[in-house]
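Asker: Got a sequence here, can you model it:
(chains A, B and C)
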Amino acid sequence: MELKLSSSIEAMGTSPERDNPDGYWDEMGVDERLEILSKIEGINGLFTFYPSATLPSDPVKMLKKLDEYNLKPAQMYVDSNSNRKWKNGAFSTTEKNIRRECIKLYKEAIDFAKEIHADSVLLWPGMDGLDYPFMADPGEAWKYLVDTIREICEYNSNVKIAIEPKKDAPRQRMYLSDIGKLMMLLNEIGLNNAGGVLDVGHVIISQGGMAEALTILHSHQKLFAIHLDDNYRNADPDMIAGGVHFWEFLELFYYLNKTDFNGYCDLYLESPRDDRVKSLTLSARLALKFKELADTLTENSDEIDSNLNNYRFVENVELISELVFK
Amino acid sequence: MASKKLKLYTGEWSFYHFGERFVPHGYFNNIPIDEQLAVLSKIEGLEGFGPIFPTGTHTNDPHNFIKLLNNYNLKVGPILVDHYGDKKWRNGSLSSCDEKVRRECIKLIKDAMDYAAEIPGSIVETWPGQDGYDYAFQTDYISSWKYLVESYQEICEHNPKVKVAVEFKRKEPRQKIFICDVGTMIMLFQDVGMDNLTGILDTGHAFMSHESLAEDIALLDQYNKLDIVHLNDNYRDADPDLIFGTCILWENLEMLYYLDKVNFEGWHEIEFGAPKEDRIKSLRLAVNMILKYKELADRIAEHSHEIDNNLKRYHYADNMNLISDLIF
Amino acid sequence: MPLNLKYAIEASVFWPPADRVVPEGYKNQVNEADIYKFVKSVDGVDGVELYYPYDFTDIKEMRKILTNEGLQVSAVGPGIWSDAKWKNGSVTSFDETIRKEALDISKQAMYAASELGAEILTLWLGQDGYDYYFQTDYQRKWDMVVESVREIASVNEGITVGIEYKPKEPRTHQIISNASKALKLSIDTAMENVGVIMDIGHSFIAEENPAEEAVYLMNHKRLAHLHSNDNYGDWDYDMIPASVHFWENIEIFYWLNKLGYNGWINFDICPFREDSVKACSLSIKHTKKIVDFIKKIDISAFDSIMKENDALAAQEYLWNLLFK
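Answerer: I've put the predicted structure just below:
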């Protein structure tokens, strides 16, 4: 399994946050950011946005830009979140005109994605959820959510739509909160081009196990993309993957080696205080290191898997520790 | 809309010694079953008693069991299969990579189904609580999930006329349980593909998974998979099975509103851990709390047209003003 | 002064581990006579942590067993939680008879500690708390804890009474729930021989970074003792150390080394499904590996990194040093 890493120009962004909306860094030009990304060892994919104020909106110009920096088109995120019109949801809202606007946006985005040969289109229903009890009818919301997403996926069966769950933020509760609900939705939609994003940080927040989540998605042929990031299990600050958790990432890459995944692992990173370039460089290096360590484990997979199947945990950890630590 | 009476039941767990890690022998002595049933028969609102199979008292013959309960004017509630409370299940039951253990569990549940088949309208409850993991590099997820789905398929095929219910829970006793939340449970239903596999919503487990009870009910109802509700409470971090309604107000109220909205007519189980308080008083309080919340929910339901309109239009403040005026 | 550690495990590791779901326990009963042989067979163990009266009642007999097996005692604690009578509290029970019994057991444990060569009393007030809102008088409970700890500590100023904090379980809320409260309690007693026991797993549940809390406790000279285990931050599952929280365990040992912790680490683990001897041996092995690793760190280089708040440089340094 070949590890394909991507990142976005937002990793070189200003990192605005609620308590500091102006962010922590000066604005960098697009070309400067692309130049940086293209030089980081391990990164060969560009995570793009639609619409984008900074990247070319013409697909031909976009392809040229990618070529210029020797970057391949990875996931393309469609922004159906960062505008107040989506505040009651984009897919699940009771307001029909908003839902139709969302569908129209995605169809345009899918056309664009096809032109630039994006690996997949990212659909994250971030505004679709609840804050309070007695705020919305969740039954009605789910019906709209499923129908809207289905219509989007049906538009072009040759373009992969990778759907991303998240527990909360910006809503207190998202409808599409975890891997279980994602699979429920994907099984319901039943289309080959509708799949899932394994954002490992989101899995951690929902108290899930990332390697287990990977196997669930993969066994259903729904693993379309991976987002690598880290956190302390109580929020989603998009930290460097491996900066907090270790064993789970090692296990993730071990199980990833068992798959035929050929999508992108996106380095999803916010670096409000640490040098942006160094952070992303380290992030890539750690991902490659985890892969390298996992490869060593894979060479010993007969013994490791036998330990797993026979519930010999202590023996397994002793073996793995010998293989990975100096 | 006339308010439906809640079908409430409990089981031997309400008279448990409530042993836990630090006090394994528990806080109370056992009470003979006749005494338990006598207590239950006097609590207004309670109409059922759910046996634990096969470890419960007097559960060897379903017909005798029905007769016994009839003496106390009680119906037989859902039948809880104990495939978790013994060390032999420690590495899993239905998902175990040890085929002997798996087969033993499948047979146990099939036996429970045969028992249930003798009791009209009965449901078998399963809770795969030992099916999960604690550490990274402890469990083979690929095999475990495959076995879990296959085991449930085989169980359901044993007698498609008997419903088998599944209960999700995030953790405890495992650090991560495979069937952890409502979405995963529905995914299981879809993958197993059997009509007689259905769902249990335990309110405490949903809180521990930070889920919205109303949303869980809506989803399970949409899939026609909501058959049993377990009522208890907690602080969203663990599952101490506190008395229903004592910790979280609004979501429990919304839940009852929603259960009425989807015309839920199944069993509501009363579940509480009462290691420190008097068991009988706790049980009475639990029933009273449920009935009180139901009364408030009924009051709200009389204005369901206005409330639902507010929900559709996202007029939250208007809704809360209306609801607050109704209940306080 | 560099880090100087001795390793202990609890005799109760070999009791059948029980939980609410399987109260009879996940393993078979072990012969009581063999327990200390099992303890001794753990690779790298120096001693055992005991509870009176759960592990022993006869001090002379216990001393004989320990001498035979060549085991020291890290600490002795009063067993004042594992019976229904403690359900409303031990030293904070509003029932004076229960409260007195808890204090008597604690004082006996102080005496036993001294006789068995231990310098610490492990005081874990697990049943002293509450479950429901509107259930208890918080200030009264707090005052009772302070008064009780003073009374226990007064028995022997040569033994440090270590307050072991924990947020919950068996109560939904324990009164002495985090490092700050435990530190405040020890200061409120106005006694030198009162300190704090940090159970690293409890610290995670309290949403702390144990390294940070250890620094404050050590700088107040109140870090009496350490318990080591792991969890996912929400429940005290007593897992093998560093099996979940990896970097956090490395960081705490960094600071323990820098500030010169000299004492015991007790592995308070509960191997529900794993072989107990193997799990304990692995715990000690991992800890020793972390300690070896920490000692390789160039402290002045790391000081420079911290002066700059340079998280990235710290990560790079550690990865290069740790992994093959």
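Asker: rest of the way, CA atoms for contacts and neighbours
Answerer: Noted.
Asker: can you tell me the residue of the stretch 51-200 of chain A closest to chain C?
Answerer: Closest contact between the stretch 51-200 of chain A and chain C, by C-alpha to the nearest C-alpha, is at residue A:200 (15.5 Å).
Asker: what comes into contact with the helix or strand that contains residue B:281?
Answerer: Element membership of residue B:281 [criterion: DSSP states H and E] is helix B:279-301. Contact with helix B:279-301 is made by B:3, B:14-15, B:39, B:43, B:45-46, B:243-245, B:252-254, B:256-257, B:270, B:272, B:274, B:323, B:326-327, as judged by C-alpha atoms under 8 Å, 6 or more residues apart in numbering or on different chains.
Asker: how far off helix B:279-301 does the next helix or strand after that helix point, in degrees?
Answerer: Beyond helix B:279-301 on the C-terminal side, the first helix or strand identified by DSSP H and E is helix B:304-312. Going by axes from the mean of the first three to the mean of the last three C-alpha atoms, to 10 degrees, helix B:304-312 is angled at 80 degrees with respect to helix B:279-301.
Asker: mind exporting stretch B:118-135 as PDB, just the C-alpha atoms?
Answerer: Output in PDB follows, covering the C-alpha atoms of stretch B:118-135 (Å, rounded to 0.1, in the frame of the first residue of the first chain):
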ATOM      1  CA  GLU B 118     -43.700 -20.000  24.100                       C
ATOM      2  CA  ILE B 119     -44.600 -16.600  25.400                       C
ATOM      3  CA  PRO B 120     -46.900 -14.600  23.000                       C
ATOM      4  CA  GLY B 121     -45.400 -11.300  21.900                       C
ATOM      5  CA  SER B 122     -42.100 -11.900  23.700                       C
ATOM      6  CA  ILE B 123     -38.800 -10.400  22.700                       C
ATOM      7  CA  VAL B 124     -35.300 -11.600  23.400                       C
ATOM      8  CA  GLU B 125     -32.800  -8.900  24.500                       C
ATOM      9  CA  THR B 126     -29.100  -9.200  23.700                       C
ATOM     10  CA  TRP B 127     -26.400  -6.900  24.900                       C
ATOM     11  CA  PRO B 128     -23.000  -7.700  23.400                       C
ATOM     12  CA  GLY B 129     -21.200  -5.900  26.200                       C
ATOM     13  CA  GLN B 130     -18.100  -8.100  26.200                       C
ATOM     14  CA  ASP B 131     -17.700  -7.800  22.400                       C
ATOM     15  CA  GLY B 132     -15.200  -5.100  21.900                       C
ATOM     16  CA  TYR B 133     -11.600  -4.200  23.000                       C
ATOM     17  CA  ASP B 134      -9.500  -2.300  25.500                       C
ATOM     18  CA  TYR B 135      -6.100  -1.800  23.900                       C
END
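Asker: residues of it that come out buried?
Answerer: B:119, B:122-135 (16 or more other C-alpha atoms under 10 Å in any protein chain shown).
Asker: quick one: it near chain C?
Answerer: Yes. Using C-alpha under 8 Å from any C-alpha of the partner chain, stretch B:118-135 reaches chain C at residue B:135.
Asker: Look up the closest residue to residue C:144, ignoring the ones flanking it.
Answerer: With C-alpha to C-alpha, 6 or more residues apart in numbering or on different chains as the measure, residue C:92 is the residue that lies nearest to residue C:144, at 5.6 Å, once sequence neighbours are left out.
Asker: can you pull the contacts of the one you found?
Answerer: By C-alpha under 8 Å, 6+ apart, the neighbours of residue C:92 are C:99, C:128, C:141, C:144-145.
Asker: Among these, which ones are in helices?
Answerer: With DSSP state H as the criterion, helices contain C:99, C:141, C:144-145 from among the contacts of residue C:92.
Asker: still on that earlier bit, go ahead and report the secondary structure state at the residue nearest to residue C:144.
Answerer: coil (DSSP: H, G, I helix; E, B strand; the rest coil).
Asker: Got phi/psi on it?
Answerer: Dihedral pair for residue C:92: phi -110, psi 20, per degrees, to the nearest 10.
Asker: picking up where we left off before, give me the buried subset of the contacts of helix B:279-301.
Answerer: Buried, going by 16+ other C-alpha under 10 Å: B:14-15, B:45-46, B:243-245, B:252-254, B:256-257, B:270, B:272, B:274, B:323, out of the contacts of helix B:279-301.
Asker: and the helix or strand encompassing residue A:204, does that touch chain B?
Answerer: Following DSSP H and E, one finds residue A:204 within helix A:200-205. No. Applying C-alpha under 8 Å from any C-alpha, one finds that helix A:200-205 is not in contact with chain B, the shortest distance being 10.5 Å.
Asker: which helices and strands sit right next to that helix?
Answerer: helix A:210-219, strand A:223-228 (3 or more C-alpha pairs under 8 Å, 6 or more residues apart in numbering or on different chains; DSSP states H and E).
Asker: Run the chain-centre distance for it.
Answerer: 10 Å (C-alpha atoms, centre = their mean, to the nearest Å).
Asker: Rounded mean pLDDT for it, please.
Answerer: For helix A:200-205, mean pLDDT is 97.
Asker: And stretch A:82-98, by the same measure?
Answerer: pLDDT averaged over stretch A:82-98 gives 95.
Asker: anything in that stretch near chain B?
Answerer: Yes. Contact of stretch A:82-98 with chain B (C-alpha under 8 Å from any C-alpha) involves A:88, A:94.
Asker: For that stretch, measure first residue to last.
Answerer: 14 Å (C-alpha to C-alpha, to the nearest Å).
Asker: in that stretch, what counts as buried?
Answerer: A:86-94, A:98.
Asker: my guess is residue C:93 meets residue C:99, correct?
Answerer: Yes. Counting by C-alpha atoms under 8 Å, residue C:93 does reach residue C:99; the two are 5.4 Å apart.
Asker: Quick check: buried residues in the helix or strand encompassing residue B:147?
Answerer: Using DSSP H and E, residue B:147 falls within helix B:141-158. For helix B:141-158, a neighbour-count test (16+ other C-alpha under 10 Å) marks B:141-142, B:144-145, B:147-153, B:155-158 as buried.
Asker: can you map out the helices along the chain?
Answerer: Using chain A here. A:30-39, A:59-68, A:96-116, A:138-154, A:179-189, A:200-205, A:210-219, A:247-256, A:276-299, A:301-309, A:313-324.
Asker: nope, chain C please
Answerer: C:35-41, C:59-69, C:96-115, C:138-153, C:179-188, C:200-205, C:210-219, C:246-258, C:276-296, C:299-307, C:311-322.
Asker: possible to save those helices as CSV with distance to residue A:163, mean neighbour count and mean pLDDT?
Answerer: Formatted as CSV, these follow (distance: least, C-alpha to C-alpha, whole Å; neighbours: other C-alpha atoms under 10 Å in any protein chain shown; pLDDT from 0 to 100):
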stretch, distance to residue A:163, mean neighbour count, mean pLDDT
helix C:35-41, 52, 18, 95
helix C:59-69, 60, 14, 96
helix C:96-115, 57, 20, 98
helix C:138-153, 48, 17, 97
helix C:179-188, 42, 20, 96
helix C:200-205, 32, 26, 97
helix C:210-219, 37, 18, 97
helix C:246-258, 31, 19, 94
helix C:276-296, 40, 19, 93
helix C:299-307, 40, 12, 91
helix C:311-322, 31, 15, 90
